[in-house]
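K.L.:
Okay, sequence plus prediction incoming.
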Amino acid sequence: MNFHHRATLGRWNGPAPSLQLGDYTLLEPLGEGGMGHVYLAEHRRSRVWVAIKVIAPHLAQLPAVARRFEAEARAAMRIDHPNVVRFEGFGREPDGTLYHVLELLDGVDLASVMERRGRFTAAEALPYVEQICAGLQAAHDQQVVHRDLKPENIHVLKRQPLTVKLLDFGIAKLLDPNELAELTTTGMVMGSPAYIAPEQARGEKDRIGPHSDIYSLGVILYTMLAGAPPFESDDIHGLLFSHISIPPVLIRAHDPSIPEPVARLVHRCLEKEPEDRPGSAAEVAAALAAAVHGEPATARYVTPRRERRAPPDEVQDTLFDPRYHQGTLHPSALEETLTDVQPAVEGPDRGVTPEPIDLRRDPTLTGRKMALGLALGLFLLGPGAIVALVLLAVRLLHG
């Protein structure tokens with residue numbers, strides 16, 4: 001919802017301006033969406049301008065929403081971070097009207113920036129992603145999940161340096177799947193289909209969490225870098241099916257200049273299973289910065305994969321899968337398969353792929369090669385060297 005947008009009253013479907021809500025007077029509409037209407041408002045005593053979001057009546061009248069509204073609003077108020085819109089307060093009127101009081105922002109949403117700018121390089125996307133991740137991490141630290149992360153809910157302020165704020169931690173998180181049947185708008189029930197995580201699309205409420213936001217972030221980053229979303233469909237059901245079941249097209253098929261470490265990170269964010277995605281928003285930001293700046297990946301960028309060992313023929317199946325060579329097989333399929341057959345690492349370095357052995361520098365192997373060479377030389381000197389050969393062979397066999 002764009003706070004900078006000023007709708008004309010002739011086309012406005014929400015409550016009329018000059019309505020009083022608590023200590024605030026609604027001055028004019030700023031925008032509207034499936035969850036409600038946003039107004040420019042003024043505090044009656046301080047004269048400070050704010051944005052007030054009035055929750056849509058068909059949502060406010062749901063008993064479950066009304067019951068949890070205050071608890072969720074208080075949780076949102078605990079998120080105090082420069083990359084999250086400041087939540088000033090909330091209220092409920094005697095007639096059941098629910099509203100949020102938010103800081104007033106001046107700028108445009110990220111969707112407008114992406115449309116105007118087109119494709120981003122990884123370096124150009126980095127400052128946006130770092131701030132989005134910072135805001136998400138602050139919310140996740142307070143056990144608040146956005147659940148509707150998309151470019152329209154990311155605000156880019158009209159000032160320098162670049163400042164990005166997350167908006168609209170939406171009323172959708174107040175709803176249980178059993179209560180969604182009470183809603184009549186399909187798009188609202190499903191959230192934002194272009195950015196929805198597979199577990200959300202499947203309605204698996206117990207699996208929705210911070211990793212769901214990371215998936216949505218992966219869709220945003222993919223779209224910024226590729227200039228196109230990972231999935232496109234003419235209908236909502238096609239999009240949902242793609243998020244649940246179809247691997248995305250390799251991002252480097254859109255632009256081969258995208259660095260390979262960046263591509264791997266994007267596709268990790270788009271893993272179908274939550275536990276296969278990066279462990280946190282902070283990890284995504286750190287890994288992207290390392291990839292852009294050409295720094296080597298370190299353990300702090302790596303999260304353990306699920307315990308799973310692939311048989312050798314699974315590797316062969318992946319290598320000879322025609323989709324792999326056609327560029328339509330998920331890019332991490334082979335990497336994941338090969339990683340899974342590595343011996344498990346226990347302790348603090350668990351999840352980090354062991355370093356390969358350098359056969360030229362390993363002292364044990366070097367000593368054994370010297371012993372074999374000496375034995376061969378003695379053998380060539382004559383039959384008398386057989387005894388020496390036997391002794392050295394015994395030494396070699398026993399390490």
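P.N.:
It's in.
K.L.:
Could you use CA atoms for every contact and neighbour count after this?
P.N.:
Noted.
K.L.:
What number of residues are in the vicinity of residue 197?
P.N.:
31 (other C-alpha atoms under 10 Å).
K.L.:
How about residue 283?
P.N.:
Neighbour count for residue 283, taken as other C-alpha under 10 Å: 17.
K.L.:
do the one 10 residues further on as well
P.N.:
Look at residue 293: counted by other C-alpha under 10 Å, it has 11 neighbours.
K.L.:
Distance check, it against residue 126.
P.N.:
Distance, residue 293 to residue 126, by C-alpha to C-alpha, to the nearest Å: 10 Å.
K.L.:
now the strands: where do they sit in this structure?
P.N.:
Along the chain, the segments classed as strands by DSSP state E run 20-21, 24-33, 36-43, 49-55, 87-92, 98-102, 107-109, 154-157, 164-166.
K.L.:
so which of those strands is the most packed in?
P.N.:
Of the strands of the chain, the one with the most neighbours on average (mean count of other C-alpha atoms under 10 Å) is strand 164-166, at a mean of 26.
K.L.:
what helices or strands is that one leaning on?
P.N.:
helix 122-141, strand 154-157 (3 or more C-alpha pairs under 8 Å, 6 or more residues apart in numbering; DSSP states H and E).
K.L.:
thinking again about what came up before, what do residue 293 and residue 126 both touch?
P.N.:
Common contacts of residue 293 and residue 126 (C-alpha atoms under 8 Å, 6 or more residues apart in numbering): none found.
K.L.:
before we move on, back to that, may I see the strands of the chain organised as JSON lines, with mean pLDDT and distance to residue 68 added?
P.N.:
Below are the strands of the chain laid out as JSON lines (pLDDT from 0 to 100; distance: least, C-alpha to C-alpha, whole Å):
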{"stretch": "strand 20-21", "mean pLDDT": "90", "distance to residue 68": "20"}
{"stretch": "strand 24-33", "mean pLDDT": "88", "distance to residue 68": "21"}
{"stretch": "strand 36-43", "mean pLDDT": "92", "distance to residue 68": "17"}
{"stretch": "strand 49-55", "mean pLDDT": "92", "distance to residue 68": "13"}
{"stretch": "strand 87-92", "mean pLDDT": "90", "distance to residue 68": "12"}
{"stretch": "strand 98-102", "mean pLDDT": "91", "distance to residue 68": "11"}
{"stretch": "strand 107-109", "mean pLDDT": "95", "distance to residue 68": "28"}
{"stretch": "strand 154-157", "mean pLDDT": "96", "distance to residue 68": "25"}
{"stretch": "strand 164-166", "mean pLDDT": "97", "distance to residue 68": "22"}
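K.L.:
Go through those and name the closest to residue 138.
P.N.:
strand 164-166 (10.8 Å; C-alpha to C-alpha).
K.L.:
Pull the contacting residues for residue 245.
P.N.:
Contacts of residue 245 (C-alpha under 8 Å, 6+ apart): residue 272.
K.L.:
picking up where we left off before, kindly reformat the helices and strands packed on strand 164-166 as TSV containing distance to residue 202.
P.N.:
As requested, the helices and strands packed on strand 164-166 are exported to TSV (distance: least, C-alpha to C-alpha, whole Å):
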stretch	distance to residue 202
helix 122-141	22
strand 154-157	25
